[in-house]
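In: what follows is a predicted structure for the sequence shown.
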Amino acid sequence: VQLVESGGGSVQAGGSLRLSCAASGYRVGTLCMGWFRQAPGKEREGVATMASGGTTNYADSVKGRFTMSRDNTKNSVDLQMTGLKPDDTAVYYCTRAGSVIAGFDYWGQGTQVTVS
């Protein structure tokens, strides 16, 4: 199993970025997928999740600004981020939940998002 993120970068406040996570070794549509982030000096926090059935959940801090989507053809998940704020600056990680017991068991290497 591999998860590879792309799409990070630097943007001014109010701008937009789209992150992508390409998965291999399994089908993204069969498991819960998630995006987490970790800012310097802070703990990793959940940003968005998508269940295998397609239901999404978002952290209160990003509701209305971030949208998670899935492309079963490309076997990938995306995170569209709009209205970015300096507080969104962090390394963003893609992850999957192997099972309820296993929890989030595989993680990507992360992609840096910097908002100034």
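Out: Yes, it's here.
In: which of the residues in the longest strand seen in the chain are buried?
Out: Using DSSP state E, we find that the single longest strand of the chain is strand 90-99. For strand 90-99, burial by neighbour count (16 or more other C-beta atoms under 10 Å) applies to Ala90, Val91, Tyr92, Tyr93, Cys94, Thr95, Arg96, Ala97. From N, CA and C alone the C-beta is placed, and that goes for glycine too.
In: CSV for the residues you listed, including distance to Ala23 and pLDDT?
Out: Output for the buried residues of strand 90-99, formatted as CSV (distance: C-beta to C-beta, whole Å; pLDDT from 0 to 100):
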residue, distance to Ala23, pLDDT
Ala90, 21, 98
Val91, 19, 98
Tyr92, 15, 98
Tyr93, 13, 98
Cys94, 8, 97
Thr95, 10, 97
Arg96, 7, 96
Ala97, 13, 93
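In: okay, the residues you listed in TSV with distance to Ser6 next?
Out: Output for the buried residues of strand 90-99, formatted as TSV (distance: C-beta to C-beta, whole Å):
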residue	distance to Ser6
Ala90	16
Val91	13
Tyr92	11
Tyr93	13
Cys94	10
Thr95	15
Arg96	17
Ala97	21
